[in-house]
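S.K.: Take this sequence and fold it.
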Amino acid sequence: MSTANVVPETWELTGDDARRVLHDASVRRVVTDAAMRFRWSDGFSHSRALAFQLVLSFIPGVLVLVGFAALTHNTALSRTIIGTIVALVPGPAGDVFKQAANQGAGAVSGDGNLAALITGAVAMLISSSTAFGQIERGANRIYGVEKDRPALRKYAMAVALALSVGVLLAVAFVLLAAGRAVTSSLHSGLSRTVWVVGRWPLGAVLLAVGYACVFKLSPKRRQPALSWLLVGALVAVVLNVVSSVVLSAYLNLSGSFGDTYGPLAGFLGVMLWAYLVSIGLYLGLAFAAQLEAVRAGKGAPQSEAKVASTEPASTKDADDTTGDTSDRQTVAVTR
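M.R.: Coordinates of the predicted model:
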């Protein structure tokens, strides 16, 4: 159960903007309270669950992409995908996806062909839809909402998000991570210049817009305008980029990680990377939620009523007994 305070809906309010509210409320205070909101909503547990689903989505996705490239005999696309994986997934974690890529190419080169692609695509859709369902669960707890949508509506929304926003987020990550893998496949000098200059701002914008759409549609409540949610989305983008860079540097420079975990190093690297991405997403959402709470004049990140309702029954009984004893003593003195 989340003990985060319920964020009042402010979608009807007009006449202010997120930057003004953030400035008036103190950026430091909003950041601190957003971190507390993340904690009181059990954000780390939701991040672990989301990371698991992301890994289950990434690997079938790589299988499908490389399998499609092999089926169409597009070797340039295969090299680009593998180069993107190396750039996107830090350190030894990339080896896991390289193996998945080789597996995807081998699957379609055999007798399975189209059947293997369809199977991988179905697995990817199921896993990614489950991931978006988990995002809704975590988002609701961050906003203090205890119940998700009914199961049919929840997963219908999750499938729709996976087929729309999920694709947008995947394209954004590829634009940010592809780098030299795509540059080397371009033959025209003009196209290389456009790619090198344009991929960073375009990728960042697509990633921020994708996160803002997730923040808008995932929680079971009426959300404010996208301009409010973009602030939290930008926080999530910055956290994702910073955590990926730091983790990549650590895994590439530290030889002890691979020596310690051996053949499991790649899988653990993938899980750690997905976990950090999930934490960044939920922290960005907590920032957006806290900013709206400040806008509504309810800036306390934790609900005392919810905390009281989660106390063990023995504690409550002890309090009640103490209260009854005090009342009896008071009556006796009065008499």
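S.K.: Tell me which residues of the helix or strand harbouring Leu285 come out buried.
M.R.: Per DSSP states H and E, Leu285 falls inside helix 265-295. Neighbour-count burial for helix 265-295 flags 265-266, 268-295 (criterion: 16 or more other C-beta atoms under 10 Å). Every residue, glycine included, has its C-beta placed from N, CA and C.
S.K.: Now that helix: average pLDDT?
M.R.: Averaged across helix 265-295, pLDDT comes to 89.
S.K.: any idea which helix or strand comes after it?
M.R.: Downstream of helix 265-295, the first helix or strand assigned by DSSP H and E is helix 304-309.
S.K.: rewinding a little: name the helices or strands packed onto the helix holding Leu285?
M.R.: Under the contact criterion of 3 or more C-beta pairs under 8 Å, 6 or more residues apart in numbering; DSSP states H and E, helix 265-295 touches helix 18-25, helix 27-40, helix 43-71, helix 93-109, helix 114-142, helix 189-217, helix 226-253, helix 255-261.
S.K.: If you count contacts, what does the third one end up packed against?
M.R.: When you say that, I think you mean helix 43-71. helix 75-88, helix 93-109, helix 114-142, helix 265-295.
S.K.: what angle do that helix and helix 265-295 make?
M.R.: 130 degrees (axes from the mean of the first three to the mean of the last three C-alpha atoms, to 10 degrees).
S.K.: taking the mean pLDDT, what do you get for helix 43-71?
M.R.: Helix 43-71 shows a mean pLDDT of 83.
S.K.: For that helix, buried residues please.
M.R.: For helix 43-71, a neighbour-count test (16+ other C-beta under 10 Å) marks 43, 46-47, 49-71 as buried.
S.K.: The second one now?
M.R.: For helix 27-40, the buried set under the neighbour-count rule, 16+ other C-beta under 10 Å, comprises Val30, Val31, Asp33, Ala34, Ala35, Met36, Arg37, Phe38, Trp40.
S.K.: So, low pLDDT: which residues of the stretch 201-335 of the chain?
M.R.: When residues are selected by pLDDT under 70, those of the stretch 201-335 of the chain lie in 255-259, 261-266, 310-335.
S.K.: Include distance to Val159 when you put the helices and strands packed on helix 265-295 into a markdown table, please.
M.R.: Converted to a markdown table, the helices and strands packed on helix 265-295 look like this (distance: least, C-beta to C-beta, whole Å):
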| stretch | distance to Val159 |
| --- | --- |
| helix 18-25 | 30 |
| helix 27-40 | 27 |
| helix 43-71 | 13 |
| helix 93-109 | 23 |
| helix 114-142 | 5 |
| helix 189-217 | 12 |
| helix 226-253 | 22 |
| helix 255-261 | 35 |
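S.K.: Val133 against Ala158, yeah?
M.R.: Heads up, residue 133 is Gly, not Val. Yes: shown here, Gly133 and Ala158 form a contact pair, counting by C-beta atoms under 8 Å, at 4.3 Å.
S.K.: Gly120 and Pro60 touch, don't they?
M.R.: Yes: between Gly120 and Pro60 there is a contact under C-beta under 8 Å: 4.9 Å.
S.K.: quick one, what contacts the nearest residue to Asn240 once chain neighbours are set aside?
M.R.: Computed as C-beta to C-beta, 6 or more residues apart in numbering, the closest residue to Asn240 that is not its neighbour in sequence is Gly280, at 4.4 Å. By C-beta atoms under 8 Å, 6 or more residues apart in numbering, Gly280 lies in contact with Ala236, Leu239, Asn240, Ser243.
S.K.: do you know how far Met157 is from Val64?
M.R.: According to C-beta to C-beta, to the nearest Å, Met157 and Val64 sit 23 Å apart.
S.K.: which regions of the stretch 51-200 of the chain sit below the pLDDT cut-off?
M.R.: Along the stretch 51-200 of the chain, segments meeting pLDDT under 70 span 70, 72-113, 116, 177-188.
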